[in-house]
Structures are given as C-alpha cells and as structure tokens.
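Participant: quick check, what structure comes out for this input:
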Amino acid sequence: MLSTLALLLAWLPSVQEPEAGFDLESLKRKVEEITPIVAELRGWEFKHGVKAGVHTPEQFLVYAKKEFEEEYGLEQFRATGRAYGLIGLVPVDLDLFQAFMDLLRSQVGGYYDPKSDTFYMISTFNQGGLADIIMAHELTHALDDQYFHLDKMMSSVQGNADAEFAVRAVVEGSGTSLMNLYTQEGMMKGFLQLDMAQMTEMMAEQAEMLNAMPPYLVMTLALPYLEGNKFLVQESNALMAATKAPSDEELKRAFQNPPLSSEQVLHFEKYWDPKKRDDPTVIKLPDFSKDLGEGWKLVDENVLGELGCYCLTEENLPNMANQTAQLTAKWTNAAATGWDGDLYQYYQGPGNAGLVVSASVWDSVKDAQEFSGAVVQILQKRNPALREIHLSRGNAALLFFANDQGSAKKDVLKKAVLDARPDWR
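Facilitator: Numbering: from 1, shown residues only. Below is the predicted model of the structure:
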C-alpha cells in the first residue's frame, strides 16, 4: 500500500475557478483565526505558531515529486507499480507514479508538511467554508506534530506499506475527528458558512476523477481518513463516529504506540482490547536472485496486509466515488479476516520478465484455506499472472505470479522458497 510520504493532505478537488483564492496575507489571517478554535476543540495548546504558505498546483506537484524521489526513488516506486500489476491490485500497464500525481493534482486542497512545520493551501482553492474546514484539519496535524513528531512516526514504518497505512490512520483519523467537530461547532455557532451548491459541484468533480483511478490506489489514500476516525473513537458506524471525539488518553496511546497493521485499524478491538490484541507476524524471506539465475534481481518487497488481501479476494469492490459506499463499506471480507502477516517479493529478469512470490500466514488452518479458496474462485479467474497457490505448514499460503516472460522460472522460485524452509512464526 502507498503512504503519502510526509504529505498530510486534505482531499477535496483543488482546481476551481479562481474567483477568490488565497494570497499569503489572507491565508495568514485565516490561520490566526482558526488556530485558537482548533486548540480549544482539542483541549491542547499550540507550543508555537504554525507557518503558512500558498502553493500553486504546479508548485505542489514539483514538491510532491521531490518528496517521492527522496523517500522512494522514482524507479523504486515504478517497480512497486509493476509488482502491484502482476499481483492484480492495479492494471498491468499502469504507471503508478503518474497515476498518483494525477490524483494529487485533482484532489488536494491543502496539506501540512511536518518536515518544515508548514501548512500550505493550494492557490486555486477558493476562500470560504470548505477552505476553513481544510485548515482545521491541517492545523490539527500541526498541533499533533508539536506533541508527537509526525515525521518520525511515519519514517519509523517506511518499507512496510501496511504499517504505514496504520500510522496514517492515526494521523488522518485525528485530523478528521477534529475537522468534524469544527464543522459541527461552526454550523451551530454561525462562524462557518458552507456553500451547498459548491460542495455538490466539487463532489461531482471528485467522483469523476476517482472513477478513473484503480480502487486499490484510492482506498489506500482515502481510508486512513474514513477508517482512522472510526478507529480512534472505536465506533464501527461512520455516521456515529463523526459525532464523537477520542479522549486525550486514547489519542496519546494511539500516537505513542500506533497500530501495526490495517487489520488493527479495520478491527479496532484487535488494538484497543488487551484480551483481543493481535499484532502481526513478521514474515522474512531471503533474496532468491541467485537461484533464479543471471540477470534476475529482487526489486521490490513489501506487505499487503488484510486490506490488500481483501482487494485480491473481493469480487466487487465498493465504489470509492460514491459517498454512501464510502460510509457503509466494510473494507474486509471472510477471506481476508484471519490475516496474521504477509510479505511479497517482486523479481525482475531479462527481457522484462517478472515474478512475484507472496507468502502469508493466517490465524488458523481454516483461515488459510478460506483465503486460498477465494483466491482460486476470484483472483485466478481475473488475473492470468497467478500461476500457483500452495498451502504450506497448514496456516501459510504461498502465491506465485509471473508474466509470460517470467513463467519459465516460476518452479525455480517455488523450489527455492520451499527449500529455504522459512520460519513463518
């Protein structure tokens, strides 16, 4: 799954008719107005002021690309895209980096950068109630950053996309929770005015763009906001969750010891309830490049998590462009429930050959069989790159994917994996 790097984003269409966008002075005045409201709603004081800036969409994309290059490297990110394509999470020919840039260009209204302690508003986003809501969300990030050092939190899980998702669920859940309170207070007390016609138009624009994107990509970016709020307030109903706020104790616990997986976010009792706590098993595999032969190289390695396994085994994924679907979907299924840990490795060879081994462990033999059965019934029918499913030691499942150029090496990789006898536990 994809982190948003160090960018903490407000997901609303950013490109509008530039009737009344922000300049730096008007933005600073608005930040000074909203900052004390955020502090009052959270019950925490800002330790220092928050820097603010205005970026054009072009400046933002230059910045975002630089962040990608520093944290991942563009070639590494594109390798992840090829791995996702082979596994079946995104179309095989998708340029993941370009798709992500397109999504950012169309959807980001503002963001907070913890590396520079600065909140940025996109210049094409008009002033008004929606902009105020974005600021409340992003200023919450600034407040949380002053207490919990968000950049260090996100850096600590780099290389594990599932853990990145879980950390982002805490961060974005906090921002969403306070943003909801700000909206409710503002509407009741009259300091927030919303243009419903503008909101309807923007939601239609958002839906059009989201419909054009792979659901998995949208889910990994949007669900930390939706599910993160539910996780923090421990409420499975999204509408009820929007009316609640986490306690200080709950916030501090979640920030200081964040959840470790999408499983703990989607089933929040597996994090909050000591009797049901279920931390993920860490899977490790050696590098099998030498077994595959000359010209082969391990180019990507990561964790899919319960959310990724759900996407692989769900026949009809929820429509992320539909607000009702966003609020009512469960984001897991019987096949993915019982996930205990996983790791995939993507190898590239001569002539654009590609191979993936995905190793997962499950809470029980039954869970492993249920996942494997769903893979046969659903994934195998829609993804010809899935070459073999192998149950190992009862509760472990191995999936082998290969494109046509790499299929001849599938059995070589399988033998190497089994000969290594990795300790799943």
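Participant: quick one, strands of this structure?
Facilitator: Secondary structure of the chain, counting by DSSP state E: strands at 8-11, 51-55, 108-113, 118-122, 297-302, 339-349, 353-362, 386-392, 396-402.
Participant: mind putting these into JSON lines with mean pLDDT and distance to Ala325?
Facilitator: Just so you know, the C-beta spots here come from the backbone N, C-alpha and C atoms, and that holds for glycine as well. Below are these laid out as JSON lines (pLDDT from 0 to 100; distance: least, CB to CB, whole Å):
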{"stretch": "strand 8-11", "mean pLDDT": "44", "distance to Ala325": "16"}
{"stretch": "strand 51-55", "mean pLDDT": "95", "distance to Ala325": "31"}
{"stretch": "strand 108-113", "mean pLDDT": "88", "distance to Ala325": "22"}
{"stretch": "strand 118-122", "mean pLDDT": "94", "distance to Ala325": "27"}
{"stretch": "strand 297-302", "mean pLDDT": "98", "distance to Ala325": "27"}
{"stretch": "strand 339-349", "mean pLDDT": "98", "distance to Ala325": "23"}
{"stretch": "strand 353-362", "mean pLDDT": "98", "distance to Ala325": "27"}
{"stretch": "strand 386-392", "mean pLDDT": "94", "distance to Ala325": "27"}
{"stretch": "strand 396-402", "mean pLDDT": "97", "distance to Ala325": "28"}
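Participant: how about those, which one is nearest Asp93?
Facilitator: Nearest of those to Asp93, taken as CB to CB: strand 353-362 at 12.8 Å.
Participant: given the closest one, what are its sheet partners and their directions?
Facilitator: Counting by DSSP bridges, the strands paired with strand 353-362 are strand 339-349 (antiparallel), strand 396-402 (antiparallel).
Participant: strand 297-302 and that strand, what's the angle between them?
Facilitator: For strand 353-362 against strand 297-302, the angle by axes from the mean of the first three to the mean of the last three CA atoms, to 10 degrees is 30 degrees.
Participant: off-centre distance for strand 353-362?
Facilitator: Put simply, strand 353-362 sits 21 Å off its chain's centre (CA atoms, centre = their mean, to the nearest Å).
Participant: now swap in stretch 279-299 and tell me
Facilitator: With CA atoms, centre = their mean, you get 24 Å for stretch 279-299.
Participant: Leu413 touches Phe400, doesn't it?
Facilitator: Yes. Using CB atoms under 8 Å, Leu413 is in contact with Phe400, at 6.6 Å.
Participant: overlap in contacts of the two?
Facilitator: Listed contacts common to Leu413 and Phe400 are 355, 357; contacts here mean CB atoms under 8 Å, 6 or more residues apart in numbering.
Participant: with neighbour numbers in mind, choose between those two.
Facilitator: Legend: neighbour count by other CB atoms under 10 Å for Leu413 and Phe400, higher for Leu413 (24 against 21).
Participant: for that one, which residues are in contact?
Facilitator: Leu413 neighbours (CB under 8 Å, 6+ apart): 288, 291-292, 347, 355, 357, 400.
Participant: among those residues, which two are most distant?
Facilitator: That would be Asp291 and Phe400, which, of those, are the farthest apart (CB to CB) at 13.6 Å.
Participant: per-residue pLDDT of Ala212, please?
Facilitator: Here the pLDDT value assigned to Ala212 is 81.
Participant: for it, what are phi and psi?
Facilitator: For Ala212, the backbone dihedrals (degrees, to the nearest 10) come out as phi -90, psi -10.
Participant: burial of it, as a residue count?
Facilitator: Neighbour tally, Ala212, other CB under 10 Å: 13.
Participant: what separation is there between the spatially most central residue of the chain and Leu379?
Facilitator: With distances taken as CA atoms, centre = their mean, Thr220 lies nearest the centre of the chain, 3.2 Å away. Here the criterion is CB to CB, to the nearest Å. By it, Thr220 lies 18 Å from Leu379.
Participant: same deal with Ala242?
Facilitator: Taking CB to CB, one finds Ala242 at 34 Å from Leu379.
Participant: ok, now Ser236?
Facilitator: Distance from Ser236 to Leu379, by CB to CB: 27 Å.
Participant: who are the contact partners of Tyr225?
Facilitator: Taking CB under 8 Å, 6+ apart, one finds 11, 172-173, 175-176 in contact with Tyr225.
Participant: now do the helices in the stretch 301-425 of the chain.
Facilitator: 305-313, 323-328, 365-374, 380-382, 410-420 (DSSP state H, counting those that start in this stretch).
Participant: mean confidence score for the second one?
Facilitator: For helix 323-328, the per-residue pLDDT values average out at 85.
Participant: show me which positions of it end up buried.
Facilitator: Residues of helix 323-328 classed as buried by neighbour count (16 or more other CB atoms under 10 Å): Gln326.
Participant: for the remainder of this discussion, apply numbering that starts at 31.
Facilitator: Yes, from this point I'll number from 31; that puts the last item at helix 353-358.
Participant: which helices and strands sit right next to it?
Facilitator: Contact here means 3 or more CB pairs under 8 Å, 6 or more residues apart in numbering; DSSP states H and E; on that basis helix 353-358 packs against helix 245-263, helix 268-271.
Participant: helices and strands around the shortest one, which ones?
Facilitator: Spelled out, it's helix 268-271. Using 3+ CB pairs under 8 Å, 6+ apart: helix 268-271 touches helix 245-263, helix 353-358.
Participant: save these as CSV, and put in distance to Asp143 too.
Facilitator: Shown next, in CSV, are the helices and strands packed on helix 268-271 (distance: least, CB to CB, whole Å):
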stretch, distance to Asp143
helix 245-263, 17
helix 353-358, 26
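Participant: comparing those helices by mean pLDDT, which bottoms out?
Facilitator: helix 353-358 (a mean of 85).
Participant: contacts for that helix next, please.
Facilitator: Helix 353-358 is contacted from outside by 233, 252, 256, 268-269, 348-350, using CB under 8 Å, 6+ apart.
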